[in-house]
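Engineer: sequence and predicted structure, then a few things I'm wondering about:
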Amino acid sequence: MTTSASSKRELSADSARASDSGKHFICVLDFEATCEENVRIKPQEIIEFPSVLLVRNEDEDRLEIVSTFESFVKPVVHPKLTPFCTELTSITQNDVDGAEPFESVFARHQEWLKEQGALSPNNTVMFVTCGDWDLKTALPNQVAASLGQSMKHIPGCYKKWINIKVLFDEHFGGHHKGMLSILSRAKVELQGRHHRGIDDCKNIAAAAIRLNEMCDVDWTIPTKVSKSEW
């Protein structure tokens, strides 16, 4: 007998819930990075580091937004943004020229999570992304380029995540290709500008809140875990 991915997540849910003795946070993350039309830039550097933090209200079984984090990031290898990148993201050269380098922004992001209680021993936090690229590819590559380190030295919360598209596939069937498709399924109107990181985070958070209202969702089980050697 075979077991589906969704069934495997359900089988491990009881043990995960048993370990949750405090608050459970959800951190929505959606990087923006240097890019060019029809060209793969190497290395592709993060230029916006945004997040929306939610907490699960266990008594009422609902998600509540508690804080946001947004920072531009100064690219180093390719410091000049392409016109295509600015058109896609609305991020300007002045935005990144005045920003801190990745290592400083990443440290502030971790401090923000600590201040919000998401990294407290009695609490848990799970990242939610729209796809696997942010934490599977972008962050490990940026950590290697900026810090000269592997993901071994990075807090464990950044090494596992829920791809919200997988949750929508599991609960509704079909294949949800991107953020616009999950917003359509959740009947959530797009707010702000698509491909602007902080706006995407807010839209993904809205979709997560709506999904939680419509379905029985376990937000403690990742759909993806980074390779142990990272």
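Structural biologist: Right, received. Where do you want to start?
Engineer: tell me how far F69 lies from E115.
Structural biologist: The gap separating F69 from E115 is 10 Å, by CB to CB, to the nearest Å. Where C-beta positions appear, they are placed from N, C-alpha and C, glycine not excepted.
Engineer: show the end-to-end separation of stretch 117-127, please.
Structural biologist: As for stretch 117-127, its first-to-last residue distance stands at 15 Å under the measure CA to CA, to the nearest Å.
Engineer: what mean pLDDT does that stretch have?
Structural biologist: Per-residue pLDDT values over stretch 117-127 give a mean of 97.
Engineer: neighbour count: F69 and E115, which is higher?
Structural biologist: Ranked by neighbour count (other CB atoms under 10 Å), F69 and E115 place F69 first, with 20 against 10.
Engineer: just the element for the more buried one, please.
Structural biologist: Counting by DSSP states H and E, the secondary-structure element that holds F69 is strand 62-72.
Engineer: who are the packing partners of that strand?
Structural biologist: strand 46-57, helix 102-115, helix 197-214 (3 or more CB pairs under 8 Å, 6 or more residues apart in numbering; DSSP states H and E).
Engineer: who touches the second one?
Structural biologist: Residues external to helix 102-115 that are found in contact with it (CB atoms under 8 Å, 6 or more residues apart in numbering): 27, 45-46, 49, 51, 53, 67, 69, 71, 73-74, 76, 99-100, 119-120, 125, 142-143, 146-147, 155, 157.
Engineer: one more: the last one?
Structural biologist: Identification of contacts with helix 197-214 by CB under 8 Å, 6+ apart yields 26, 28-32, 48-52, 54, 61-63, 65, 68, 70, 89, 128-130, 164, 167-168, 171, 179, 182-183, 186-188, 190-194, 217, 219.
Engineer: need the next SSE after the least confident helix or strand in the chain by mean pLDDT, C-terminal direction.
Structural biologist: Ranked by mean pLDDT, DSSP states H and E, the helix or strand of the chain with the weakest confidence is helix 13-19, at a mean of 40. Scanning forward in sequence from helix 13-19, with DSSP H and E defining helices and strands, the next element found is strand 24-29.
Engineer: report the distance from that next one to the chain centre.
Structural biologist: Averaging C-alpha positions (CA atoms, centre = their mean, to the nearest Å) puts strand 24-29 8 Å from its chain's average.
Engineer: how far off strand 46-57 does it point, in degrees?
Structural biologist: On the basis of axes from the mean of the first three to the mean of the last three CA atoms, to 10 degrees, strand 24-29 is oriented at 160 degrees to strand 46-57.
Engineer: same question for strand 24-29, mean pLDDT?
Structural biologist: Confidence over strand 24-29 (mean pLDDT, whole number) is 98.
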